[in-house]
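In: Please work out how this folds:
(one chain, ligands or ions: 1)
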Amino acid sequence: MRHQGTSQTGVHAAVGRNAGCLTNRVAGAGCACTSTGAAAVQRTTGGARTVSGFALIDGELCAERVPLSAIADEFGTPCYVYSRAAIEQNYREYDTALAAVPHLVCYALKANSNLAVLDLLARLGSGFDIVSGGELARVIAAGGDARKAVFSGVGKTAAEMEAALEAGILCFNVESAAELEALDATAGQMGRRAPVSFRVNPDVDPQTHPYISTGLRESKFGVPIGDAPTLYRRAARLPHIAVRGIDIHIGSQITTLAPYREAIVKVIALVDQLAAEGIALAHVDLGGGLGIRYRDEATVELADYAAMITPLFSGRREQLLIEPGRRLVGAAGILLTRVIYLKPGPQRNFAIVDAAMNDLIRPALYDAWHPVDPVRPRHSPSREWQIVGPICESGDFLAHDRALSLEQGDLLAVGAAGAYGFVMSSNYNTRPRACEVLVDGDRAHAVRKRESVTMLFAGESLLP
Ligand SMILES: Cc1ncc(COP(=O)(O)O)c(C=O)c1O
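Out: Numbers count the residues shown, from 1 in each chain. Predicted structure coming up:
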């Protein structure tokens, strides 16, 4: 047992191993937490309320009530850290905001598919949006209800269709005529009828990064909205297809409501046209895509999102489905990393940290901006640093031009890394993937062990 902190700081962290769990006690008196609850609410002018779960307590950044330095000591770095309270609160906010209409939140687990995260959401009654047989297996392994799962993606294989039919999923979001025929054949071989929505492409511009815009005409996703009536008529005639709904997903990290409204109005007109032809749909799935604040984006409030949607759905018979990913988990996670070396230079100063583009690829891939905060802020003068990893690529950076006061060995928290962080990590440069820790109040649980180098080549072999 190790004790950390002093009565001077007011933070007493009693750290001990307990079946992968680290427990901290934070002294109530003298605790100068910047938030009042376990889940810190961050709101700055023009930004929507997002719950992160990370706050300074007596000069040290904490996940809920656990100091991040204690997590680094116990589990090492780089390490993803998530807040249970933040994830749960973000889910509840969605659920409450849409309470006026019958709805199902289907968490898009591509954003963060750790079993512990799925378990938390399953316990709250969440459905799931999956895009592979692997993600279906994760939902089932985490105790999620496959009957509340929708299956998106342009390239579902026959084996994936079979597994999803076997599990009794709620709906296949079909993205092409060829997929519809293949699904009918697979369901026929199994003596089943496959529940189907078409993902229609409403041709709206979500005004986000081109790599995460999916609702434009040139996108590989969905079927053109003009082709949808023909496809629905075909589906209604197929013996092993049950027409169930309609689906859109126009993009990700969307920070304005206008493109959603434009797409929804188009889709509702189509639903009414189909109903007039005798093809009645049971649900309308609006996809995910609501953005979070990474830097200074003026993001959409959930209340405004709900206020836009609910009048369009009130009095209608279709159930509303949504597929949020980033908005539920993005702000609820950080990537904890340690400065290995400081390398000041004539042009630029480099802080070389132990996390790299293989751990968090968003900066390199989308030029994404993530906040970088010292775990124990220093009061000495700051300099401008490039925060880079050890990978042999000039594109290996986590952040550019950050004014920080740093010393070798310091811990840094790369913020808003709970979505599209660990799930997009790789083993490039034979780097074992980071561990993942879920904090629940004053306890930190290892929810994924750090990989070892031998695990990385366990499936490889030499020539005979
Ligand atoms: C079909 C579908 N649904 C939902 C999502 C989740 O999006 P977000 O994380 O932006 O909410 C995605 C992400 O790209 C997606 O492709």
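In: going forward, measure contacts between C-alpha atoms and count neighbours the same way
Out: Noted.
In: okay, now residue 249: neighbour count?
Out: Neighbours of residue 249 under the rule other CA atoms under 10 Å: 26.
In: ok, now residue 159?
Out: By the measure other CA under 10 Å, the count of residues near residue 159 is 11.
In: Next, it: secondary structure please.
Out: helix (DSSP: H, G, I helix; E, B strand; the rest coil).
In: From the ligand, how far out is it?
Out: Per CA to the nearest ligand atom, to the nearest Å, residue 159 is found 20 Å from the ligand.
In: next one: residue 365
Out: Distance, residue 365 to the ligand, by CA to the nearest ligand atom: 15 Å.
In: Secondary structure element holding that residue?
Out: helix 362-366 (DSSP states H and E).
In: List the strands paired with the helix or strand just after that helix, with their directions.
Out: On the C-terminal side of helix 362-366, the closest following helix or strand by DSSP H and E is strand 372-374. If you go by DSSP bridges, strand 372-374 pairs up with strand 411-414 (antiparallel).
In: what is the rounded mean pLDDT of the partner strand?
Out: For strand 411-414, the mean pLDDT works out to 98.
In: Same question for stretch 192-207.
Out: Rounded mean pLDDT across stretch 192-207 is 91.
In: hang on, the earlier thing: and for the helix holding residue 365, what are the contacting residues?
Out: 209, 211, 357, 368-370, 395-399, 420-421 (CA atoms under 8 Å, 6 or more residues apart in numbering).
In: Keep only those of those residues that are also close to the ligand.
Out: Residues of these in contact with the ligand (CA under 6 Å from any ligand atom): none.
In: Okay, and which of those residues map to strands?
Out: Secondary structure defined by DSSP state E assigns 397, 398, 399 of the contacts of helix 362-366 to strands.
In: and stretch 97-107, how far from the chain's centre?
Out: Here the centre of stretch 97-107 is set off from its chain's centre by 18 Å, with CA atoms, centre = their mean, to the nearest Å.
In: quick one: terminal-to-terminal distance for it?
Out: Using CA to CA, to the nearest Å, the end-to-end distance of stretch 97-107 comes out at 15 Å.
In: which residues does residue 200 bridge with?
Out: Beta-bridge partners, per DSSP bridges, of residue 200: residue 223.
In: can you tell me how far it sits from the ligand?
Out: Look at residue 200 and the ligand: by CA to the nearest ligand atom, they are 11 Å apart.
In: residues near that residue, how many?
Out: Residues within reach of residue 200, counting by other CA under 10 Å, total 26.
In: got the contact list for it?
Out: With CA under 8 Å, 6+ apart, residue 200 has these contacts: 175, 222, 223, 224, 225, 228, 246, 247, 248.
In: do you know how far the nearest residue to the fourth one once chain neighbours are set aside is from residue 259?
Out: Just to be clear, that refers to residue 224. Distances taken as CA to CA, 6 or more residues apart in numbering place residue 201 nearest to residue 224, at 5.0 Å, with adjacent residues excluded. The gap separating residue 201 from residue 259 is 12 Å, by CA to CA.
In: of the two, who's got more company?
Out: Shown here are residue 201 and residue 259; by other CA under 10 Å, residue 201 has more neighbours (28 against 19).
In: That one contacts residue 225, correct?
Out: Yes - the pair residue 201 / residue 225 is scored as a contact, 5.4 Å apart, by CA atoms under 8 Å.
In: In the stretch 251-400 of the chain, mark out all the strands, start to finish.
Out: 283-285, 319-322, 333-343, 350-353, 372-374, 383-388, 397-404 (DSSP state E, counting those that start in this stretch).
In: Just put these in a markdown table and tack on mean pLDDT and mean neighbour count.
Out: Below are those laid out as a markdown table (pLDDT from 0 to 100; neighbours: other CA atoms under 10 Å):
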| stretch | mean pLDDT | mean neighbour count |
| --- | --- | --- |
| strand 283-285 | 98 | 24 |
| strand 319-322 | 98 | 21 |
| strand 333-343 | 98 | 22 |
| strand 350-353 | 98 | 23 |
| strand 372-374 | 98 | 19 |
| strand 383-388 | 98 | 20 |
| strand 397-404 | 98 | 19 |
